[in-house]
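# my questions are about this predicted structure, shown below with the sequence.
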Amino acid sequence: MNIEKILTDLVEIPSITSDTKNCKNAIEYIDTLVKKEGLKTKIFEKDSVYSLLIAKEIKNKYEVILNGHLDVVPAPIKDFKPRIKVEKGKKIMYGRGTSDMKGPAVSVLVAFLEILKEGVNKDMALLFTTDEETGGFKGMKNVVDQGLTADIVFIPDGGQDWSICTDEKGVFHIKFTSKGVSAHGSRVWLGDNAVVKLIKVYTNLQKEFTKRWGKATKSDNWKPTLNLGALNGGNSANKVPNEAQRLIDIRYPTPVTQKILEEIVRNSIVKDVSWETISTGAPFHTNLDNRYVKSWSKLIKNPIFEKEPGASDARFFAEKGINTLITKPISSKPHIDNEWVDLDDLVIFKNKVKEWLKEI
């Protein structure tokens, strides 16, 4: 199997998460490819979000699941035409999804196919999803809730340049809605500004976060963070808005819990403001004493362990107590302009995954 050819084909499919048709096309591309190799597949679907399980036999429990997502964030159409350049002796492919995470996904796909051809009898499966970039609730969560489990899940979607991700923060997304009274902007005393109410709630939240945990910085960021992602209210400068909405993104590490955060939110609310949870995800932690993780660590020279403030589909396995190993080959940071992956390193990574599978 040719990594470069498969990756080129996948990058050319503009499988932006919201484009369920092209996400399905990406799933069907892999489905067709692996069936030619004599493998069995099962496609999961929820609200037009597709996931694909691949194995010699389809079942609910495996020793090892190799996992990747095929959806990507939006990009200009030119970014779905992969470009290959040789830079400093390395073969680099540019294009949306090359790093996050079609490149690493193809690497484990080829490792899986090659090791089976070599006659290694390992209890393993491949799993691809198509909504990780928007939370994974109809993809990975749906699959895990249906009972799919493993002793170890390998996800090359974090841990930059072969580092091993030990922790990811939990996710708590909230929608706030406020009600007020309309009035002319020149007679503000006759109105009740709905936007200002949301600003007051946000100020209350900021004060409490700072009081409890301090301000997150580049060098000191392993603490809860608060982001005002969207604020909508009013449609004219000379009118007091009578309704408004706001979206908040909270990220939090253990031992902070969602219960603690919900209490803070409740205590920050002012009159005529309501709130609802949009999505949640538990913090993720890798047990470095786990034998599968230790085996991978021994294969890597001087492994680097790091925490990441972001989140991945690993949280759905974490919630079920399933061990997960997160790392990835040399590539750019995700979601950047001119996203890239080192094609030579994808081959090295593929071979290392094969070595790991043979040893565990």
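Thanks, I have the structure now.

# so what's the closest residue to residue 110 other than its chain neighbours up against?
Distance criterion C-beta to C-beta, 6 or more residues apart in numbering; nearest residue to residue 110, sequence neighbours excluded, is residue 1 at 4.6 Å. In short, each C-beta sits where N, CA and C put it, glycine included. Contact analysis of residue 1 by C-beta atoms under 8 Å, 6 or more residues apart in numbering lists 109-110, 113-114.

# buried among the residues you listed? Make that a PyMOL selection.
Buried subset of those, written as a PyMOL selection, criterion 16 or more other C-beta atoms under 10 Å:
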select buried, resi 109+110+113
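
# out of the contacts of residue 1, the closest to residue 128 would be?
Proximity of the contacts of residue 1 to residue 128 (C-beta to C-beta) peaks at residue 109, which lies at 8.2 Å.

# tell me the secondary structure at the residue lying closest to the closest one once chain neighbours are set aside.
Closest residue to residue 109 apart from its sequence neighbours, by C-beta to C-beta, 6+ apart: residue 126 at 6.3 Å. With DSSP: H, G, I helix; E, B strand; the rest coil as the basis, residue 126 sits in strand.

# would you map the helices across the chain?
Counting by DSSP state H, the chain has helices at residues 3-11, 20-35, 103-117, 140-145, 194-213, 258-268, 291-299, 314-318, 343-359.

# relative to helix 258-268, how tilted is the longest one?
In terms of direction (axes from the mean of the first three to the mean of the last three C-alpha atoms, to 10 degrees), helix 194-213 departs from helix 258-268 by 130 degrees.

# average pLDDT for helix 194-213?
Across helix 194-213, the average pLDDT comes to 98.

# pull the CA atoms of it into PDB?
In PDB, the C-alpha atoms belonging to helix 194-213 read as follows (Å, rounded to 0.1, in the frame of the first residue of the first chain):
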ATOM      1  CA  ALA A 194     -29.900  42.100  27.500                       C
ATOM      2  CA  VAL A 195     -26.300  42.300  26.300                       C
ATOM      3  CA  VAL A 196     -25.100  44.100  29.400                       C
ATOM      4  CA  LYS A 197     -26.600  41.300  31.500                       C
ATOM      5  CA  LEU A 198     -24.500  38.700  29.700                       C
ATOM      6  CA  ILE A 199     -21.400  40.900  30.100                       C
ATOM      7  CA  LYS A 200     -22.100  41.000  33.900                       C
ATOM      8  CA  VAL A 201     -22.300  37.200  34.000                       C
ATOM      9  CA  TYR A 202     -19.100  36.800  32.100                       C
ATOM     10  CA  THR A 203     -17.400  39.300  34.400                       C
ATOM     11  CA  ASN A 204     -18.600  37.300  37.400                       C
ATOM     12  CA  LEU A 205     -17.200  34.100  35.800                       C
ATOM     13  CA  GLN A 206     -13.800  35.700  35.100                       C
ATOM     14  CA  LYS A 207     -13.500  37.000  38.700                       C
ATOM     15  CA  GLU A 208     -14.200  33.500  40.100                       C
ATOM     16  CA  PHE A 209     -11.800  31.700  37.700                       C
ATOM     17  CA  THR A 210      -9.000  34.200  38.600                       C
ATOM     18  CA  LYS A 211      -9.700  34.000  42.300                       C
ATOM     19  CA  ARG A 212      -9.600  30.100  42.300                       C
ATOM     20  CA  TRP A 213      -7.000  29.300  39.700                       C
END
